[in-house]
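Visitor: starting from these lines, generate the structure:
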Amino acid sequence: MTGGSVHGADYLAASGWVKQPSMAHLLLDNGVPLPTREFLHDAFEPAAWAEADKVCRHLEQQFRDCNFSQSVVWGPLLVPRPDLLDVRGALGAGARESQEEITRPDFVDERLPEGADVTDPASPWTLYVTAVSDAGLAMGSYDEVRGRGDDLGSSRDEVGRGNNSYESLQGGAGGRFLVDGFDTRALMVRQLWGALVVQNLRAPDSEKRDRWTMTLFAGEEPVEGMAVSGTVLHGQVRQRLGKTSRGSAPVRVRPALRVASAVA
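Guide: Reported below is the predicted structural model:
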């Protein structure tokens, strides 16, 4: 996958949410509307798609000098409300039956908490823009990405209220992650990556790609002094813990911005 961006409802309507029968059945069984082209056009105003395209451009511009930016694709990501379908943890085997590259049960380290929820509690789907490519950007270790004293908790709380603008996060390491006034680290969370693993028709952060990578969840707090990351390795979706100082080339991040909520 080469760099650039992908666009709009047509891209999402052809994603794993709809095209993987096992996932489409799970959505319907849980009362989540399928994100078909018709649903998306009804659920989101045209301005939301224009905003998503603008955000793609801004993210691409902001991070153009980062390592591996030439292979990063920016695009829309749909995330379901967790009381309807929770993608933060392990999904049952039946859910992944149509994902041919995922052949083993999900692994989630038992020490991990529930994880941040950044979706709109009043909407079945929340729309974001992030790196939807096989891998994200290489921007260093958890320690380097988070910096010192940067509090992302308030950012995530504001996202849940639909606010993408923060003046309190201009300092620390956050400056290089600010896009349209928002600290994009706040949405580097398990929930968005879990949705991406479903949405993409081939597994992201997998050794089956050009190179094996993992996505670092810099928006989540450390667990027992360790950073949380996600990868797909040997046919298994894995959420695991590792050193906060690890910053080698396979360690990637996926900056993100919230765009809109689907009309319920």
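
Visitor: center of this protein, which residue is that?
Guide: Relative to the mean C-alpha position of the chain, the nearest C-alpha, by C-alpha atoms, centre = their mean, is the one of Leu192, at 2.9 Å.

Visitor: pretty sure that one contacts Tyr128?
Guide: Yes - using C-beta atoms under 8 Å as the test, Leu192 is close enough to Tyr128 to be in contact (6.3 Å). To be clear about C-beta, it is placed using only N, CA and C from the backbone, and glycine gets the same treatment.

Visitor: so what sits against both of the two?
Guide: Residues touching both Leu192 and Tyr128 (C-beta atoms under 8 Å, 6 or more residues apart in numbering) are 77, 79, 256.

Visitor: what number of residues lie near the first one?
Guide: Neighbourhood size, Leu77 [other C-beta atoms under 10 Å]: 25.

Visitor: A strand includes it, no?
Guide: Yes - secondary structure of Leu77 (DSSP: H, G, I helix; E, B strand; the rest coil): part of a strand.

Visitor: and it, what does it touch?
Guide: Taking C-beta under 8 Å, 6+ apart as the contact definition, Leu77 lies against 127-130, 132, 192, 195-196, 199, 256.

Visitor: how far away is Pro35 from Thr244?
Guide: Computed with C-beta to C-beta, to the nearest Å, the distance linking Pro35 and Thr244 is 35 Å.

Visitor: these two - which one has more neighbours?
Guide: Legend: neighbour count by other C-beta under 10 Å for Pro35 and Thr244, higher for Pro35 (25 against 19).

Visitor: JSON lines please, covering the shared contacts of Leu192 and Tyr128 and showing distance to Lys208.
Guide: Putting the shared contacts of Leu192 and Tyr128 into JSON lines (distance: C-beta to C-beta, whole Å) gives the following:
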{"residue": "Leu77", "distance to Lys208": "21"}
{"residue": "Val79", "distance to Lys208": "24"}
{"residue": "Ala256", "distance to Lys208": "24"}
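
Visitor: now stretch 188-208: buried residues?
Guide: Applying a neighbour-count criterion of 16 or more other C-beta atoms under 10 Å, the buried positions in stretch 188-208 are 188-200, 203-206.

Visitor: that should have said stretch 110-125, apologies.
Guide: Under the neighbour-count criterion of 16+ other C-beta under 10 Å, stretch 110-125 has 112, 115-120, 123-125 buried.

Visitor: stretch 81-98 too?
Guide: 81-82, 85-88, 90-91, 95-96, 98.

Visitor: ok so, going back, mind checking the backbone torsions on the residue nearest to the centre of the chain?
Guide: With angles defined as degrees, to the nearest 10, Leu192 shows backbone torsions of phi -70, psi -40.

Visitor: again with the one 5 residues further on
Guide: For Val197, the backbone dihedrals (degrees, to the nearest 10) come out as phi -60, psi -30.

Visitor: for it, which non-adjacent residue is closest in space?
Guide: Using C-beta to C-beta, 6 or more residues apart in numbering and skipping the chain neighbours, the partner closest in space to Val197 is Val237 (5.8 Å).
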